[in-house]
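Peer 1: Next comes the sequence, and after it the predicted model I'd like to discuss.
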Amino acid sequence: MHDHHLTHFVGQRYLNLESFKRDGTPVQTPVWFAEEHGVLYVYTLANAGKVKRIRRHPRIRIAPCTMRGKLIGPWVEAEATIVDATTAAHGHALLRQKYGWLKGIGDLFSRLLHRERVVIAIPFPA
């Protein structure tokens with residue numbers, strides 16, 4: 001991880017992604033993430049509220065957290081993007097590499113239940 005903001009995420013398993021409703025109300029969600037070359041990758045269901053909020057307003061905040069969302073590091077301002085299929089496949093591969101069989105089980109259930117997923121990229125300057 002290159003950017004000094006990303007040092008807070010080294011060795012962490014979860015990040016709290018804070019996106020914003022139309023009225024500006026923040027919504028926090030703990031999620032898995034993987035990093036490569038200063039970009040954090042997160043996946044979620046395509047119809048999730050955070051996806052709708054990010055499409056409308058890409059400015060977010062992220063912070064390292066526990067599985068239940070308890071913050072264990074400072075908030076960092078960022079901008080999120082819903083990526084194309086090729087980049088999404090790469091993001092999923094990075095997440096599988098980090099989370100192993102747990103990610104594999106999630107992938108299997110998503111396929112069986114026909115749940116569309118998207119990958120969110122959160123880039124940081126090098």
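Peer 2: Alright, I've got the coordinates.
Peer 1: Every contact and neighbour count from this point should use C-alpha atoms.
Peer 2: OK.
Peer 1: give me the beta-bridge partners of the residue lying closest to R13 once chain neighbours are set aside?
Peer 2: Distances taken as Cα to Cα, 6 or more residues apart in numbering place W32 nearest to R13, at 6.2 Å, with adjacent residues excluded. Taking DSSP bridges as the rule, W32 bridges to Y14.
Peer 1: Now for W32: which residues touch it?
Peer 2: R13, Y14, L15, V42, Y43, L95 (Cα atoms under 8 Å, 6 or more residues apart in numbering).
Peer 1: what's the spacing between it and D84?
Peer 2: Applying Cα to Cα, to the nearest Å, the value for W32 to D84 is 19 Å.
Peer 1: can you point me to the longest helix in this protein?
Peer 2: For the chain, the helix with the greatest residue count under DSSP state H is helix 85-99.
Peer 1: List the buried residues for that helix?
Peer 2: Within helix 85-99, the residues that qualify as buried by neighbour count (16 or more other Cα atoms under 10 Å) are A88, G91, H92, L94, L95, R96, K98.
Peer 1: Then stretch 15-31?
Peer 2: Neighbour counts over stretch 15-31 (16+ other Cα under 10 Å) mark L15, N16, L17, E18, S19, F20, Q28, T29, P30, V31 as buried.
Peer 1: can you give me the end-to-end distance of it?
Peer 2: Start-to-end, stretch 15-31 (Cα to Cα) is 6 Å.
Peer 1: got the angle between the host helix or strand of F109 and helix 85-99?
Peer 2: F109 belongs to helix 101-112 when assigned by DSSP states H and E. On the basis of axes from the mean of the first three to the mean of the last three Cα atoms, to 10 degrees, helix 101-112 is oriented at 140 degrees to helix 85-99.
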